[in-house]
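prediction below, plus the sequence it came from.
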Amino acid sequence: MIHKFHIPVLGLGYSVDTPLKVARYGISSVVSVVDDELIERMREYHAKKNNEPYEAITKAEPGFREKRITSYLNLLEKLVNQQFEQLKNEPFEPGSDICRYFELLPEASPLKQGYDLMQEYTDEETRRVFQNRLRNELKKGEIDVNIMSKVDKTNYTANHESTGEENTDALTALRGFAHSSLRSSVILSAGMNPRLYSYIESFADFLPDESGSTRKKVILKVSDFRSGLIQAKFLAKKGLWISEFRIESGLNCGGHAFASDGYLLGPVLEEFKNKREALHLELFEMYKAALLTKGITITHIPQQRISVQGGIGTADENNFLLTYYQLDVTGWGSPFLLVPEATNVDEDTLKILENAGEDAFYVSNSSPLGILFNNFKGTTSEKQRLERISKGRPGSPCTKKYLVTNTEFTTEPICTASREYQNLKIKQLKTLDLSPEQYEEQVEAVTEKICLCEGLCSSSYLKYGISKPKENKAVTICPGPNLAYFSRSYSLDEMVKHIYGSIDLLQNVKRPHVFINELNLYIDHFQKEISAQVKNFTDKKQKYLLKFKTELETGIDYYKQLFPQITSQAQSLATILEDLYSAEKKLSGISL
């Protein structure tokens with residue numbers, strides 16, 4: 001990679017076309033391929049904007065979801081290639097894209113050093129030779145895609161018959177990526193889906209060619225070593241190589257929050273660091289043996305990167321993670337929501353984000369998937385939800401149906417954020433012998449769910465001015481809590497330079513270390529878990545919570561040994577340790 005960071009997937013629409021904004025500068029980013037309706041509208045918008053031919057792929061067309069995804073990814077690649085070729089052929093003049101490419105690079109980059117050296121020459125012929133060599137070294141950023149493994153609903157015909165296992169949402173999305181012309185990676189997140197994982201090996205692009213290289217790679221997003229190992233072994237035994245383990249903080253990230261069993265980021269990274277070589281070799285032996293059964297012989301061990309993302313806020317933290325844990329790259333997500341050049345946040349939502357304090361960011365149960373969700377106070381979708389409740393019509397019209405999972409009242413699954421489900425559930429609650437307090441509590445839990453399918457796309461439509469007249473324009477956004485410390489919108493140059501440490505966007509901002517932030521989030525989560533179980537505290541739940549607390553205590557002991565080694569941190573050691581002991585005291589005060 002040209003850069004030492006990437007931009008992870010941000011909701012559905014917030015990074016759906018980020019490659020068009022950053023890939024020509026060598027910055028890799030990730031596109032969600034959950035919502036084919038969003039993807040089709042983005043394809044139409046960008047095709048027409050760039051005078052490319054566009055023919056609509058309607059739902060009446062067989063295989064429309066797969067075709068939409070393939071066509072959009074192919075368009076992204078074509079447009080990025082055009083941008084990149086234009087950049088490469090520009091003169092080295094102040095303000096040009098080619099100069100910006102080099103100026104965005106970290107100081108330690110050989111390319112950046114070559115660029116700086118070239119500028120010292122005054123002889124035009126020497127400069128021209130130097131510039132041509134620099135042009136030949138340029139690389140685009142990757143256009144990667146994200147598939148949430150568990151978002152894999154079964155689809156039905158008009159006669160309510162299943163369209164088959166290979167036409168579920170996740171498998172169709174994978175097929176759309178596999179049939180695209182991209183040479184990039186699919187990031188598998190949100191847990192293991194054996195059906196999806198098994199399906200990958202049916203596509204030749206994921207298998208090595210005669211030179212040992214693959215056109216398409218697999219990246220696993222994981223929150224602990226054990227789950228990463230289990231998933232990687234499953235894939236390796238099918239002849240599929242994991243090119244990267246993308247470690248994500250369970251609670252210190254944006255979007256859905258996957259709280260692990262108390263495993264903190266520092267100890268998880270330490271385990272990957274200590275077991276990295278053994279993991280690499282073990283997976284290679286499985287991979288090599290599986291390929292032999294397919295008639296493929298491989299002699300060299302493919303590269304395997306390890307990266308981290310979630311809650312990183314300063315260059316010091318970034319550099320420490322890269323060097324101490326010997327990582328290849330980091331992921332910076334939520335801060336880029338404040339970079340209009342890179343992501344799609346409408347003007348009104350952007351203003352709210354700019355002025356938000358720490359109390360505006362919270363973890364909620366609002367996702368229809370039943371997974372914790374990073375939420376943000378003051379969004380138009382939250383206002384709409386409360387207005388619907390006050391009018392006696394809670395829930396949302398369910399038009400897209402990507403998150404339908406519940407069969408409590410219906411044969412075919414419906415979404416728990418839908419008006420249909422919430423109406424049926426509240427009617428059921430009225431028939432139960434509940435106290436007024438119990439009834440209100442359960443109704444609130446039902447009506448807390450919000451529509452993500454529309455809310456996570458609205459901002460893109462508003463920013464580009466392509467919202468339909470009667471379309472729901474309420475915006476849902478799911479930034480990580482780390483965004484609270486960034487107080488305005490930024491240019492791409494500012495954010496990249498902040499990551500690399502040439503400027504400091506958080507100067508004089510009081511902010512705990514990334515590990516402390518995550519620890520406090522986990523302690524808060526632990527306290528909420530106990531409160532939620534207090535009325536039905538079984539032996540099984542008690543064992544789980546005891547294990548959870550033990551893992552947090554183990555993590556705190558690890559940090560006591562680690563923090564004195566962090567000599568380059570801008571925050572003083574005394575401040576970091578003070579925050580750590582404060583968190584430890586809070587945890588010890590929580591009793592089971």
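On my side now, so go ahead.

neighbours around residue 531, how many?
9 (other CB atoms under 10 Å). C-betas here are computed from N, CA, C, even on glycine.

check what pLDDT it gets.
pLDDT recorded at residue 531 is 87.

any idea which element it lies in?
Here residue 531, judged by DSSP states H and E, is contained in helix 514-533.

residues of that helix that come out buried?
Within helix 514-533, the residues scored as buried using 16 or more other CB atoms under 10 Å are 514-523, 525-526, 530.

got the CA coordinates for it in PDB?
Provided in PDB are the C-alpha atoms of helix 514-533 (Å, rounded to 0.1, in the frame of the first residue of the first chain):
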ATOM      1  CA  VAL A 514      -7.600   5.200  22.600                       C
ATOM      2  CA  PHE A 515      -7.200   2.200  24.900                       C
ATOM      3  CA  ILE A 516      -8.700   4.100  27.900                       C
ATOM      4  CA  ASN A 517     -11.600   5.200  25.800                       C
ATOM      5  CA  GLU A 518     -12.300   1.600  24.800                       C
ATOM      6  CA  LEU A 519     -11.900   0.300  28.400                       C
ATOM      7  CA  ASN A 520     -14.400   2.900  29.700                       C
ATOM      8  CA  LEU A 521     -16.900   1.900  27.000                       C
ATOM      9  CA  TYR A 522     -16.600  -1.700  28.000                       C
ATOM     10  CA  ILE A 523     -17.100  -0.900  31.700                       C
ATOM     11  CA  ASP A 524     -20.200   1.100  30.900                       C
ATOM     12  CA  HIS A 525     -21.400  -1.900  28.700                       C
ATOM     13  CA  PHE A 526     -20.700  -4.300  31.600                       C
ATOM     14  CA  GLN A 527     -22.700  -2.200  34.000                       C
ATOM     15  CA  LYS A 528     -25.600  -2.100  31.600                       C
ATOM     16  CA  GLU A 529     -25.500  -5.800  31.100                       C
ATOM     17  CA  ILE A 530     -25.800  -6.400  34.900                       C
ATOM     18  CA  SER A 531     -28.700  -4.000  35.100                       C
ATOM     19  CA  ALA A 532     -30.500  -5.700  32.200                       C
ATOM     20  CA  GLN A 533     -30.100  -9.100  33.900                       C
END
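
just the angle for the longest helix seen in the chain relative to helix 514-533, thanks.
As assigned by DSSP state H, the longest helix anywhere in the chain is helix 265-293. Angle, helix 265-293 to helix 514-533, by axes from the mean of the first three to the mean of the last three CA atoms, to 10 degrees: 90 degrees.

angle of the helix or strand just after helix 265-293 against helix 514-533?
Next helix or strand after helix 265-293 toward the C-terminus (DSSP H and E): strand 305-309. Angle of strand 305-309 versus helix 514-533, following the same axes, to 10 degrees, is 70 degrees.

any idea how this protein splits into domains?
Using the TED database, the domain ranges for the chain come out as 380-476, 512-591.

ok now the longest one, how far from the chain's centre?
Meaning domain 380-476. 24 Å (CA atoms, centre = their mean, to the nearest Å).

distance to residue 265 added to the domains of the chain, as CSV?
Listed next are the domains of the chain as CSV, based on distance: least, CB to CB, whole Å:
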stretch, distance to residue 265
domain 380-476, 25
domain 512-591, 5
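
deepest of these, which one?
Ranked by average neighbour count under the criterion mean count of other CB atoms under 10 Å, those are headed by domain 380-476 at a mean of 17.

for it, measure first residue to last.
7 Å (CA to CA, to the nearest Å).

same check, this time on stretch 176-184
First-to-last distance for stretch 176-184 - CA to CA - comes to 13 Å.

just give me how far that stretch sits from the chain centre.
With CA atoms, centre = their mean, you get 19 Å for stretch 176-184.

mind listing what's buried along it?
Neighbour counts over stretch 176-184 (16+ other CB under 10 Å) mark 176-180, 182, 184 as buried.

inside helices: which ones of those?
Those of these mapping onto helices are 176-178, per DSSP H.

closest to residue 145 out of the buried residues of stretch 176-184?
residue 177 (5.1 Å; CB to CB).

worst average pLDDT in the domains of the chain?
With a mean of 90, domain 512-591 has the lowest mean pLDDT of the domains of the chain.

where does the chain dip in pLDDT?
Along the chain, the model assigns pLDDT under 70 to residues 567-571.

which residues in this protein form strands?
For the chain, applying DSSP state E gives strands covering 5-7, 28-32, 143-148, 185-189, 217-222, 242-248, 305-309, 329-331, 361-364, 373-376.

tell me which of those strands lies nearest to residue 159.
Of the strands of the chain, nearest to residue 159 by CB to CB is strand 143-148, at 28.3 Å.

helices or strands up against that closest one?
Contact partners of strand 143-148 among helices and strands, from 3 or more CB pairs under 8 Å, 6 or more residues apart in numbering; DSSP states H and E: strand 28-32, helix 64-88, helix 169-178, strand 185-189.

can you list the strands that that strand pairs with?
strand 28-32 (parallel), strand 185-189 (parallel) (DSSP bridges).

any chance of those strands in TSV, with distance to residue 202 and mean neighbour count too?
Output for these, formatted as TSV (distance: least, CB to CB, whole Å; neighbours: other CB atoms under 10 Å):
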stretch	distance to residue 202	mean neighbour count
strand 28-32	22	26
strand 185-189	14	23
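
how about these in a markdown table, adding distance to residue 279?
Shown next, in a markdown table, are those (distance: least, CB to CB, whole Å):
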| stretch | distance to residue 279 |
| --- | --- |
| strand 28-32 | 23 |
| strand 185-189 | 17 |
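
how much space is there between residue 233 and residue 465?
48 Å (CB to CB, to the nearest Å).

got it, and residue 120?
46 Å.

give me the number of residues near the residue nearest to residue 265 when sequence neighbours are not counted?
Nearest non-adjacent residue to residue 265, counting by CB to CB, 6 or more residues apart in numbering: residue 249, 4.8 Å away. Here the count is done by other CB under 10 Å, and residue 249 has 28 residues near it.
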